[in-house]
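> make a model of this:
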Amino acid sequence: MVEKVFQLTLGNEKIVERVIMDENINYIHMIFNKDEGLPEHYSNSNVYMTVLRGTLSIGLNEQDIHEYKQGTVLKIPFNTKMNVGNKHDEVLELIVVKAPAPTK
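Purely as a prediction, here's the structure:
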């Protein structure tokens, strides 16, 4: 078999699932319920964030929190302060791709 197959966890429970972590990319699947999210941090690579369902509430650097609905793709530059979370009743599901893969 030439391809390598990966499975995403399906459901509504909080998860930060590192699906692919190699020298090329980091591919991360996340599910957050209301008032869940990530600790504030700085991006360690270029980040491409896809909202699969729900509404993403995200603060970048010193900006106010912006909201993005299902079907939105964000490109976030390296070394950007990020505050990622779900402030809504509907489950938030994201795919995050870091490219190139962080070296630290």
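
> ranges for the strands of the chain?
Taking DSSP state E, the strands of the chain run over residues 15-21, 26-32, 41-42, 47-53, 55-60, 66-69, 73-76, 81-85, 92-98.

> by contact count, what packs against the third one?
When contacts are defined as 3 or more C-beta pairs under 8 Å, 6 or more residues apart in numbering; DSSP states H and E, strand 41-42 packs onto strand 81-85. (C-beta placed from N, C-alpha, C; glycine too.)

> what comes up buried for the strand it packs on?
For strand 81-85, burial by neighbour count (16 or more other C-beta atoms under 10 Å) applies to Met82, Asn83, Val84, Gly85.

> would a markdown table of those with pLDDT and distance to Thr9 be doable?
A markdown table is the format used below for the buried residues of strand 81-85 (pLDDT from 0 to 100; distance: C-beta to C-beta, whole Å):
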| residue | pLDDT | distance to Thr9 |
| --- | --- | --- |
| Met82 | 98 | 23 |
| Asn83 | 97 | 24 |
| Val84 | 98 | 18 |
| Gly85 | 97 | 20 |
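
> tell me the two of the residues you listed that are most distant?
Met82 and Gly85 (10.1 Å; C-beta to C-beta).

> find residues that contact each of those two.
Leu38, Ile58 (C-beta atoms under 8 Å, 6 or more residues apart in numbering).

> hmm, back to that, out of the strands of the chain, which is closest to Val2?
Using C-beta to C-beta, the nearest of the strands of the chain to Val2 is strand 15-21, at 16.0 Å.

> cheers, nothing more for now.
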